[in-house]
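1. Quick one, what's the 3D model for this:
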Amino acid sequence: IIPPGMFIQKAEETGLAVPMTIQLMEKMRDEMGPLYGTRPDLKLAINLFADHFNDMSAVESVKDLFANSPIRFSQLVFEVTERYPLPNLNRARTAIAGFQELGCRVALDDAGTGHGGLTYLQKLGMDQIKIDKIFIDSIVDGVAAVPIVDSLIALGHEMNLEIVAEGVETVVQLRYLKARNVDTVQG
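-> Okay, the predicted model is just below:
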């Protein structure tokens, strides 16, 4: 078994990330569609990479794959990763707008850890900001404030973004985030 941290970079470098993502979306649609069809509150998050934002082909693939699926477009969240910078922000913005026109949401994944996160928030029209686990891990018993987490939450509120905290593992973290009106936690 090769973990994603080892093969995703190679898939991106060789151009295989896009066909792999399409194949993954097909499997999710086929295997999870019946459940999602009965639970419209469930969200399905899918990481996208720089190559997905070069043109509208990823949007067209999503449209084709999910148009007649029990999984609604409104249940799909596409996460923009920052592993490699987006080569053309204008094209990326067009693709993101295409996803949003379908009814999908777009999130900045692992906010604060990669290339140009704040630029992406400002220029790409994101719907969500996902605060990376590395920052959530700073929330421990007895700590009154975690400046980076607090700043990202304040920024999200100011920009009217849905705020998602990743890697929430303790009650202390949950209480801290709830007190600061974080919308969703993953753990």
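2. Please settle this for me: is residue 129 part of a strand?
-> Yes. According to DSSP: H, G, I helix; E, B strand; the rest coil, residue 129 belongs to a strand.
3. Please renumber the chain so that the first residue is 14 from this point on.
-> Okay, residue one is now 14; in that scheme the one you just asked about reads as residue 142.
4. any idea how far it is from residue 117?
-> 16 Å (CB to CB, to the nearest Å). Just so you know, the C-beta spots here come from the backbone N, C-alpha and C atoms, and that holds for glycine as well.
5. next one: residue 91
-> 6 Å.
6. ditto for residue 148
-> 26 Å.
7. Ramachandran coordinates for the spatially closest residue to residue 141 that is not a sequence neighbour?
-> Nearest residue to residue 141, sequence neighbours excluded (CB to CB, 6 or more residues apart in numbering): residue 120, at 3.6 Å. Dihedral angles phi and psi of residue 120 (degrees, to the nearest 10) take the values phi -120, psi 150.
8. mind checking the end-to-end distance for stretch 125-139?
-> 14 Å (CA to CA, to the nearest Å).
9. Repeat that for stretch 47-57.
-> 13 Å.
10. swap in stretch 133-145?
-> Using CA to CA, first and last residues of stretch 133-145 are 16 Å apart.
11. Can you list the buried residues in it?
-> If you call a residue buried by 16 or more other CB atoms under 10 Å, then stretch 133-145 has these buried ones: 133, 134, 137, 139, 140, 141, 142, 143, 144, 145.
12. got the contact list for residue 149?
-> Counting by CB atoms under 8 Å, 6 or more residues apart in numbering, residue 149 touches 162, 178, 179, 180, 181, 186, 190.
13. just residue 122 next, same as before
-> 60, 92, 93, 94, 95, 143.
14. switch to 10 Å and redo it
-> 58, 60-61, 90-96, 130, 139, 141-143, 145, 177, 179 (CB atoms under 10 Å, 6 or more residues apart in numbering).
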